[in-house]
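Predicted model follows, preceded by the sequence.
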Amino acid sequence: MADLFDAVLELEQASHAEGQQQGQEDGFKQGLAEGYVTGIKTAFSLFQEIGYYRGCIQQWRVTYEPLTTGASKAILKLEAAVSSCEQMDTQADDVQGHLKRARRCFKLASAALKVDQPFQVEEPTSLSF
């Protein structure tokens, strides 16, 4: 009778170990997939903001020509900050530090040009096609 219960206990332990192993493998795969999607969303929002700053630089140069010395310096600093963001290694560099610097430079350039142009993302309410 004891052998019967030992066999049941061993079967239960083996099933538990197999289920745990399979759960870890499935969890690892799911974690990679979720990390990939999160990474894409984060990178998109980061570079959407950087692209906005790049577009403002181009527009300001055309619209506010000739630039004052202060505005010209502020735009050059913003351009340097944006370029450093575009060329950074997101794995090794301080992403938030680069972004904070770009935001600071954007505020300075906006103030030098006397424009109030905050970065805002507007979600589309409907599809346009």
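Happy to help now that I have it. Values in this document were obtained by computation on a predicted structure and should not be read as measured data.

So the most centrally placed residue in the chain versus G35, what's the distance?
Most central in the chain under C-alpha atoms, centre = their mean is T42, positioned 2.7 Å from the mean C-alpha point. From T42 across to G35, the span is 10 Å (C-beta to C-beta, to the nearest Å). Where C-beta positions appear, they are placed from N, C-alpha and C, glycine not excepted.

do the same with A14
As defined by C-beta to C-beta, A14 lies at a distance of 32 Å from G35.

Could you do A71 as well?
42 Å.

Looking only at neighbour counts, state which of these two leads.
A71 (20 against 10; other C-beta atoms under 10 Å).

in what helix or strand does the more buried one lie?
Take DSSP states H and E as the rule and A71 turns out to sit in helix 69-87.

Figure out how far the helix or strand where L99 lies is from the centre of its chain.
Applying DSSP H and E as the criterion places L99 in helix 95-113. Distance of helix 95-113 from the chain centroid (C-alpha atoms, centre = their mean, to the nearest Å) equals 17 Å.

same check, this time on stretch 48-68
The gap between where stretch 48-68 is centred and where its chain is centred comes out at 22 Å by C-alpha atoms, centre = their mean.

Can you give the contact residues for it?
Stretch 48-68 has contacts (C-beta atoms under 8 Å, 6 or more residues apart in numbering) with 71, 75, 78-79, 81-82, 85-86, 99, 102, 106, 109, 112-113, 115, 117, 119, 121.

Please indicate which of these are buried?
Buried subset of the contacts of stretch 48-68 (neighbour count, 16 or more other C-beta atoms under 10 Å): 71, 75, 78-79, 81-82, 85, 99, 102, 106, 109, 112-113.

can you give me the mean pLDDT across the strand or helix carrying H16?
When secondary structure is defined using DSSP H and E, the element that contains H16 is helix 2-63. Averaged across helix 2-63, pLDDT comes to 89.

ditto for stretch 105-113
Computed over stretch 105-113, the mean pLDDT rounds to 94.
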